[in-house]
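K.L.:
Following is a predicted model, sequence given first.
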Amino acid sequence: MVEPVETGVDGLRAEVDGAVATLVLDRPARRNAVTRAMWRGIPGVLGRLAAHPDVRALVLTGAVGTFSAGADITELATVYADPDRAEAYHAENVAAEEALAAFPQPTLAVVHGACVGGGCQLAVACDLRFAAEDARFGITPAKLGVVYPAAPTLRLTRLVGPARAKYLLFSGELVTAGRAERYGLVDEVLPAAELDSRAAEFARLLSRRSPQTIGAVKAALSVPPEQAAQALAPWAQKSRQAPDAREGLAAFLERREPQF
């Protein structure tokens, strides 16, 4: 049974279906462009979804065949009229992305159509990205004279490498889903008609995997390499008391699905 989750923000829609939560960027008349209110609201909505007792995976997507055209450009002229306002706006962008990156369960961006600018930043902040064959990706600050904060710039660089990050950020060009997959920006590309069912299937699969293993991997990969062992240590300690390993090994020997 699908359970709607109140977001309190126009343009954000959320629901929980079994162990999978879905957060939808929902402004189809504006190609799901992200307003300032949406940026501000994302961390709180994610907090509510993370606290839900059943949620074991999160899907981020856009309404009606488009992921997101990016930040709402109609707001940016006002934002950039005041340097302090622009600084606060970018801090809100980063807070939304960091909340997504720090979500305790695995996150999957499901991309139809345009995934541009701030929308692409949100997709990059997810753990994984699945895209339709007709999806297009682009990060466009150079077309606007905008300087992105360090956090999303470095996150993109870690994902695709310095040369490809420079290509995307310098040019602002849109790339196909196939090219995005070759760059490492996308993990799977599927026909548009198959994307949602495949993503739902994969999200359910993630929800059945060990929370200990997934949490440890997310912790280790969220910090610089030299800090990974330290980030992993609490998870290794906790795993000795948690039932995951015992259940996983027993299920393997009994040839059944583990119940984590």
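P.N.:
Arrived safely, thanks for sending.
K.L.:
alpha carbons only for contacts and neighbour counts from here, please
P.N.:
OK.
K.L.:
Run a quick neighbour tally on the closest residue to Gly215 other than its chain neighbours.
P.N.:
Nearest residue to Gly215, sequence neighbours excluded (C-alpha to C-alpha, 6 or more residues apart in numbering): Pro104, at 6.7 Å. Residues contacting Pro104 under the criterion other C-alpha atoms under 10 Å number 21.
K.L.:
Give the helix, strand or coil label for Pro104.
P.N.:
Under DSSP: H, G, I helix; E, B strand; the rest coil, Pro104 falls in the coil class.
K.L.:
That one contacts Ala51, doesn't it?
P.N.:
No. The criterion here is C-alpha atoms under 8 Å, and Pro104 misses it with Ala51 at 9.6 Å.
K.L.:
check contacts around Ala151.
P.N.:
Val94 (C-alpha atoms under 8 Å, 6 or more residues apart in numbering).
K.L.:
again, 6 Å this time
P.N.:
With contact set as C-alpha atoms under 6 Å, 6 or more residues apart in numbering, Ala151 has no partners.
K.L.:
try Arg13
P.N.:
Leu23, Val24.
K.L.:
Check it and give its pLDDT.
P.N.:
pLDDT, Arg13: 98.
K.L.:
start at 369 instead
P.N.:
In the new numbering, first residue 369, that becomes Arg381.
K.L.:
can I assume it sits in a strand?
P.N.:
Yes. Arg381 forms part of a strand when assessed by three-state DSSP.
K.L.:
How much space separates it from His458?
P.N.:
23 Å (C-alpha to C-alpha, to the nearest Å).
K.L.:
same question, Pro411
P.N.:
Distance from Pro411 to His458, by C-alpha to C-alpha: 14 Å.
K.L.:
ditto for Phe620
P.N.:
48 Å.
K.L.:
the more surrounded of these two?
P.N.:
His458 (17 against 11).
K.L.:
Which stretches in this protein count as strands?
P.N.:
Ranges of strands in the chain, per DSSP state E, are 370-373, 380-385, 388-393, 425-430, 475-479, 482-484, 496-500, 504-506, 543-544, 556-558.
K.L.:
Nearest to Thr581, out of those strands?
P.N.:
With respect to Thr581, and counting by C-alpha to C-alpha, the nearest of the strands of the chain is strand 425-430 at 13.6 Å.
K.L.:
Now tell me what touches that closest one from outside.
P.N.:
With C-alpha under 6 Å, 6+ apart, strand 425-430 has contacts from 388-393, 435, 473-478, 575.
K.L.:
pLDDT below threshold where in the chain?
P.N.:
Counting by pLDDT under 70, the chain shows no low-confidence range.
K.L.:
and stretch 584-602, how far from the chain's centre?
P.N.:
19 Å (C-alpha atoms, centre = their mean, to the nearest Å).
K.L.:
what sits up against it?
P.N.:
So stretch 584-602 is contacted by Trp603 (C-alpha under 6 Å, 6+ apart).
K.L.:
export it as PDB, just CAs?
P.N.:
The C-alpha trace of stretch 584-602 is given here as PDB (Å, rounded to 0.1, in the frame of the first residue of the first chain):
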ATOM      1  CA  ALA A 584      29.600   0.800   5.900                       C
ATOM      2  CA  VAL A 585      30.200   1.300   2.200                       C
ATOM      3  CA  LYS A 586      28.400   4.600   2.300                       C
ATOM      4  CA  ALA A 587      30.500   5.700   5.300                       C
ATOM      5  CA  ALA A 588      33.800   4.600   3.800                       C
ATOM      6  CA  LEU A 589      33.100   6.200   0.400                       C
ATOM      7  CA  SER A 590      31.900   9.500   1.800                       C
ATOM      8  CA  VAL A 591      35.300  10.600   3.100                       C
ATOM      9  CA  PRO A 592      38.800  11.000   1.600                       C
ATOM     10  CA  PRO A 593      40.600   7.700   1.100                       C
ATOM     11  CA  GLU A 594      42.900   8.300   4.000                       C
ATOM     12  CA  GLN A 595      39.900   8.600   6.400                       C
ATOM     13  CA  ALA A 596      38.000   5.500   5.100                       C
ATOM     14  CA  ALA A 597      39.400   3.100   7.700                       C
ATOM     15  CA  GLN A 598      38.400   5.400  10.500                       C
ATOM     16  CA  ALA A 599      34.900   5.900   9.000                       C
ATOM     17  CA  LEU A 600      34.500   2.200   8.600                       C
ATOM     18  CA  ALA A 601      35.700   1.200  12.100                       C
ATOM     19  CA  PRO A 602      32.300   1.900  14.000                       C
END
